[in-house]
Each structure stands twice: as C-alpha cells, then as structure tokens.
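Novice: Sharing a model prediction with you, sequence too.
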Amino acid sequence: MTQNEVFNALHRGGAFSLPYLIKMYHPTYGALYFVNNNEDVIYNGNTYHASNFKYTRPQTIGGVLKNGILEITAIDNEVIDIIEKSDELFEVTAVGVLDKAGSITAIKTFKHQYGTAVTDEQMKVIISFTNDDRLEMTFPPYIFDADNNRGNA
C-alpha cells in the first residue's frame, strides 16, 4: 500500500481497521514492540509481539495534531514495567500498519512523548497523549510585585 492508500483507509473508519505496529521506548529500559495481531511480526529486524490494543491516532484540530489514545493490555507483557520507569523521556511511536495481504507499510507521522497513563481492574493500560505545551507557558512563571518580593520591589 502507498502512504496515501494507508491514510485513506485509516480515515474511512467504519468496520475497516489496520493493525498498527507500535514501539514503546525509554532510554534506560529499552524498547517494547507490539502489533495488534494474533501472531508476531518481524519488521526491520525487530519482532513485534502479538498483543491486544487499540490505538486511536491523533486528530487534526485547528491544523494541529492533538490527542490520541493507546489502550493496551498489560497481561503477558512488560508494559507496566516501562510505564513505571517512565519520565519525560518515554516515547510511543506508531511505526507502521499491517494490511490484509500481510505487508507492512511504514508511517512516520505519529510519535508521542507527552501524556498520562492509568490502569484499570482488567489489567489494561490507557495512555492519553497530549501535545507539548511548552510554547503556551509564560516566562517567568511568577509576576514579582510588592507582596511576593518585598525586598526588591
């Protein structure tokens, strides 16, 4: 499939879905590779382990990609371990999609680094991705006046 065909298939929605290949990475922990399929897949020398997950790609809102969710089972894998070690260096990357013919098409658009993770009673990890908000922050974060900086006001 071409890149255009992949994005058209993903955009159509409905009953059509493509199994994603995802990579979870932390520098001190290493990488975990998963495919939403019933059997393992080898791609670029890495074995993507069969897992049960739902990846919702980010949507374009106001010309900017926003949000995205990964719901993945923590049963029989090390997802909880990499989440516990995570900090600002934790990344989740959607590497490609597996089409019905069994070939893999790489996608290089979706790389997530910011978000929150929670677990539920069914051993499912839900990662809600957010955008980098550093450009929306004010600097300096404090406004100095006579009340909070009495010696130099």
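Specialist: Perfect, thanks for sending it. Quick caveat: nothing in here was measured; it's all calculated off a predicted structure.
Novice: Okay, buried residues for stretch 59-79 please.
Specialist: Buried residues in stretch 59-79, counted by 16 or more other C-beta atoms under 10 Å: 68, 70, 72, 73, 74, 77, 79. (C-beta placed from N, C-alpha, C; glycine too.)
Novice: what's the span of it from first residue to last?
Specialist: Counting by C-alpha to C-alpha, to the nearest Å, you get 25 Å between the two ends of stretch 59-79.
Novice: in what helix or strand does the closest residue to residue 33 other than its chain neighbours lie?
Specialist: Distance criterion C-beta to C-beta, 6 or more residues apart in numbering; nearest residue to residue 33, sequence neighbours excluded, is residue 48 at 4.4 Å. Here residue 48 sits within strand 46-50, counting by DSSP states H and E.
Novice: Restricting to C-alpha, output that strand in CSV.
Specialist: Extracted in CSV, the C-alpha atoms of strand 46-50 (Å, rounded to 0.1, in the frame of the first residue of the first chain):
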residue,chain,number,x,y,z
ASN,A,46,12.6,-6.3,15.4
THR,A,47,10.0,-8.8,16.5
TYR,A,48,6.6,-7.1,17.1
HIS,A,49,4.8,-9.2,19.6
ALA,A,50,1.2,-10.0,19.2
